[in-house]
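**Q** quick one, what's the 3D model for this:
(chains A and B)
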Amino acid sequence: MEVVIVEIDGEAGVTVRAEGVAGPGCRTLTAGIEASLGRTTGDRPTPELYQEAPADAGLAAGRR
Amino acid sequence: MSHVAEIELEVRDLDALAEASRRLGLEFVQGQETYRWYGATVGDYPLPAGFTAEDLGRCEHAIRLPPGSASGPQPYEIGVVSRRDGRPGYSLLWDFWMGGFGLQEKVGAGCARLRQEYAAETTRREARRQGFGVQEQLGADGMIRLRLTR
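**A** Numbering: from 1, shown residues only, chains lettered A, B, ... in the order given. Predicted coordinates for the structure are as follows:
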């Protein structure tokens, strides 16, 4: 399941993040929501961003 | 979790702004070209970038308390005006002297409450457009938290 969390504080400060998505796919997941709200001024990576996406199952099974 | 994007909110969607206004008990008036304010600036606060004192009081749309909803002086109104700082979207202009006579109670200092509700409504709309389901939580600290899933 894809999960995006949007938090808006009482001063209208907005943060957007993906949950449970490893690798660069998380940026694709949140890009449209971010663009609808305004200009992205900060983008802090968290450790999962540097994990590689899971290997293709076929490759993992030795198919080449 | 993998990255946290910080967004500088831009008010661009008038339909979402109208819905946010309605949720706060206000009316969005499409095409209203002036908004009620004191009528003269004494220069005590800086204007938004690109605006001059002569621009005050003129707008493209307006947001107001429903007529007859406040006792005492007529509440001031919010002017919705295209930004003039090169960024897309609209500025919200209003005279907050004396809280705009009831306006600030609804929209918050600096229109923060209205802008927060606008951001929530814009998120709901874009999330639905992209096929997400939306769950909402209102935190004790005034934070609106939207959890989008698909």
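
**Q** okay, CA-based contacts and neighbour counts for the rest of this
**A** Noted.

**Q** any residue of stretch A:13-26 touching chain B?
**A** Yes - Stretch A:13-26 lies within reach of chain B by Cα under 8 Å from any Cα of the partner chain, at A:13-23, A:26.

**Q** output those in a markdown table, with pLDDT appended to each entry.
**A** Output for these, formatted as a markdown table (pLDDT from 0 to 100):
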| residue | pLDDT |
| --- | --- |
| A:G13 | 94 |
| A:V14 | 96 |
| A:T15 | 96 |
| A:V16 | 96 |
| A:R17 | 93 |
| A:A18 | 91 |
| A:E19 | 86 |
| A:G20 | 75 |
| A:V21 | 74 |
| A:A22 | 69 |
| A:G23 | 67 |
| A:C26 | 73 |
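
**Q** quick one: name the residues of chain B near chain A.
**A** Applying Cα under 8 Å from any Cα, one finds that chain B approaches chain A through B:1-11, B:112-113, B:115-116, B:119-120, B:122-123, B:126-127, B:141-150.

**Q** filter the residues of stretch A:13-26 next to chain B down to the ones in strands?
**A** With DSSP state E as the criterion, strands contain A:14-19 from among the residues of stretch A:13-26 next to chain B.

**Q** other SSEs contacting whatever helix or strand B:V81 lives in?
**A** Per DSSP states H and E, B:V81 falls inside strand B:78-82. When contacts are defined as 3 or more Cα pairs under 8 Å, 6 or more residues apart in numbering or on different chains; DSSP states H and E, strand B:78-82 sits against strand B:61-64, strand B:90-93.

**Q** so, low pLDDT: which residues of chain B?
**A** Counting by pLDDT under 70, chain B contains low-confidence ranges at B:1-2, B:70.
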